[in-house]
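In: Quick one, structure for this:
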Amino acid sequence: MKIIINLCIFFIIITKVEAQTSTLAIADSLYQFGNYSKAIKIYQEQKPNAYTNVQIAKAYKALGNSKKAIKSYEKVLKLDAENVLVLYDYGRLLFTAGKLDKSLVIFEKLKLKDTLNPNFHYQVGLVKEALQQEDFISAYETAFALDGQHQKSIYKLIKHAIEAKDFEKAKNIITVGLTNNESDAKIIGYNAQLFYAQKEFGKALLWFQRLIHLNKATRYVYEKAAFSAYRIRQIEKSIAYYEEALKRDRGNYFYHSQLAKLYYQDEVPEKAEHHASQAIVGKMTDPSGDYYILGMVHFDRKEFRKAMKLLNMALEENPDYELAQLRLAQVADNYYSDLGAKLKMYERFIEKFPKAKLEMRKIANVRIRQLKEEIHLKSE
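Out: Sure thing, here's the model as predicted:
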């Protein structure tokens, strides 16, 4: 009889365990397919243990409820304060929730547990950087020293070196990063930025173009590629890249302004006029350059009155605009019939800008001598 009773108890326990296992399997399945709220409900119906509390924490984290996720992790740590996996997830969650001091304590603890784990040093660096602690970079350096393929630490070290203008150090770390992965878009981008910062625009352009060919180009990449192309006199490429940047930020008056200048240089006056007008509508802080381009478009069309008006507007916005003042004299030279009026415009330029560029002063002075000779001959 006693044997029968024991067998019954055994089968009841087995049945309960199997039922609980089956229920947990359902909860795990719901969790894996993203049905987090239903998964949490089933986990909470089970007898509390480390596994269910961890799953509840992960589910709340996936739902974006950091507060409840943190509480669930803390329940686990009350039972097992040394669980490395739980501590790691808990520390990262504290970091994303903005509880930086607590997060740092957790990762410092993990670092002491395993000083050779580069990722623990990296996480310490992330938190210290967020806390604006001056020694944050040493944590990334340790992670990199422990594992030369730790790309996330490499990103941080390159960025810091470029910002500190330690270009040689940045170059060396970039070389390692590219050796690890020659197609790493972030490293390629940093290499482009490095050359750009050193004003090596030809090399910078080549690396920005690699990002473009990898379909990893952002608005920033197109903007810097456009400027680099401009600096090495590749006007058509510069135009193409500014147009791409403009597609990603339609209201950017700066791109309109740059395109106005470039199209004017490329002898496409209609597009130069369009972009200059758009830049002015965009209420630039200093639209003088765009008024200048519009003035020059009308000058080329021999619409001298309109050109003078626009160049005067450019000078109203920026009285120190030397080239606009010289062009205004040249437009007046074509528009006015009175030699004295023409002469005054050039003399005004010399008077206003006695230290203007030598080439500009030569143009003005040559024309002043010519006009004076013409006036003298006419008077005779």
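
In: contacts and neighbour counts: CA atoms only from here.
Out: Fine.

In: any idea which element the residue lying closest to His274 once chain neighbours are set aside lies in?
Out: With C-alpha to C-alpha, 6 or more residues apart in numbering as the measure, Ala260 is the residue that lies nearest to His274, at 7.4 Å, once sequence neighbours are left out. When elements are assigned from DSSP states H and E, Ala260 belongs to helix 253-265.

In: contacts for that helix?
Out: Among residues not part of helix 253-265, those counted as contacts by C-alpha atoms under 8 Å, 6 or more residues apart in numbering are 235, 238-239, 242-243, 245-246, 269, 271-276, 278-280, 282-284, 289-290, 293, 297.

In: let's see it at 7 Å
Out: Outside helix 253-265, the residues that touch it by C-alpha atoms under 7 Å, 6 or more residues apart in numbering are 235, 239, 242, 246, 269, 271-273, 275-276, 278-279, 282, 284, 290, 293.

In: same thing with stretch 333-341?
Out: Contacts of stretch 333-341 with the rest of the structure, by C-alpha under 7 Å, 6+ apart, involve 304, 342, 371, 375.

In: repeat that for 8 Å
Out: Taking contacts as C-alpha under 8 Å, 6+ apart, the residues outside stretch 333-341 that touch it are 304-305, 342, 371, 374-375.

In: Verify the contact between Asp184 and Leu178 for me.
Out: Yes - taking contacts as C-alpha atoms under 8 Å, Asp184 lies within contact range of Leu178: 6.9 Å.

In: which residue packs closest to the residue sitting nearest the centre point of the chain, ignoring adjacent ones?
Out: Central residue of the chain (C-alpha atoms, centre = their mean): Tyr220, 5.7 Å from the mean position. Distance criterion C-alpha to C-alpha, 6+ apart; nearest residue to Tyr220, sequence neighbours excluded, is Ala245 at 7.4 Å.

In: Same question for Thr115.
Out: His121 (8.0 Å).

In: For that neighbour, give me the pLDDT.
Out: The predicted local distance difference test score for His121 is 98.

In: Can you give the contact residues for the helix or strand where it lies?
Out: When elements are assigned from DSSP H and E, His121 belongs to helix 118-130. Around helix 118-130, the neighbours that count as contacts under C-alpha under 8 Å, 6+ apart are 95, 100, 103-104, 107-108, 110-111, 115, 134-140, 142-144, 146-147, 150, 153.

In: And the helix or strand just after it, how far out from the chain middle?
Out: Counting by DSSP H and E, the next helix or strand C-terminal to helix 118-130 is helix 136-146. Using C-alpha atoms, centre = their mean, to the nearest Å, the mean C-alpha position of helix 136-146 is found 24 Å from that of the whole chain.

In: hang on, isn't Gln151 packed against Leu178?
Out: No - because the distance of 9.7 Å does not satisfy C-alpha under 8 Å, Gln151 is recorded as not touching Leu178.

In: Compare neighbour counts for these two and give me the winner.
Out: Neighbour count, other C-alpha atoms under 10 Å: between Gln151 and Leu178, Gln151 has more, with 20 against 17.

In: which non-adjacent residue is nearest the more buried one?
Out: Distance criterion C-alpha to C-alpha, 6+ apart; nearest residue to Gln151, sequence neighbours excluded, is Gly177 at 6.6 Å.
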